[in-house]
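Colleague: Sequence below, structure please.
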Amino acid sequence: MSRWSYYAPLCLGCLLAAIVLAEAYKHDEFVPRVRMTLLGAAAAGLALQLLFIGAQGAAARVLPVPGGRSIRGGAAVLAGSMIIVSLVLLAAALMTYLSGFETPALVTGVASAACALTALGTYLWSLPAAARDF
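Modeller: Coordinates of the predicted model:
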């Protein structure tokens, strides 16, 4: 896998930012929307990158570790699945909150945070046993 294919989701988020900024500029709404657009695009790029890493863990049973090592097996599947579930619940919480339902959004957000903490805990727990890559 090349660097380009690995960081493609993050690049897609940057492309999304460029498109939204171009539309805002075209409609003379450039100044008020710039900050939220850039934050939203950065969040979308980060979410896509995390979804990619989660899918890599859940489907390929391997998660990257800095220093040329990888977490493999069941720990990678658990952490990857929890990353995906956490991001889906976070999106649901955001949509629920924007629809005006604060309590369900809070409950969904807490469930998302619990899944994210489970993924992080699994990743950190498995870090010492990470195998060297080829």
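
Colleague: now for the longest helix along the chain, which elements pack on it?
Modeller: Criterion DSSP state H: the longest helix present in the chain is helix 30-60. Contacts defined by 3 or more CB pairs under 8 Å, 6 or more residues apart in numbering; DSSP states H and E place helix 30-60 against helix 8-26, strand 62-65, helix 74-98. Any C-beta I mention is one placed from the backbone N, CA and C, and that applies to glycine too.

Colleague: What residues sit buried inside the longest one?
Modeller: Residues 75-87, 89-90, 92-93, 96-97 are the ones in helix 74-98 that count as buried (16 or more other CB atoms under 10 Å).

Colleague: Give me the angle between that helix and helix 30-60.
Modeller: 150 degrees (axes from the mean of the first three to the mean of the last three CA atoms, to 10 degrees).

Colleague: that older thread, of all the helices and strands packed on helix 30-60, which one comes closest to D133?
Modeller: Proximity to D133 (CB to CB) singles out strand 62-65 among the helices and strands packed on helix 30-60, at 8.7 Å.

Colleague: Sheet-wise, list the partners of the closest one with their directions.
Modeller: strand 69-72 (antiparallel) (DSSP bridges).

Colleague: No more questions from me, cheers.
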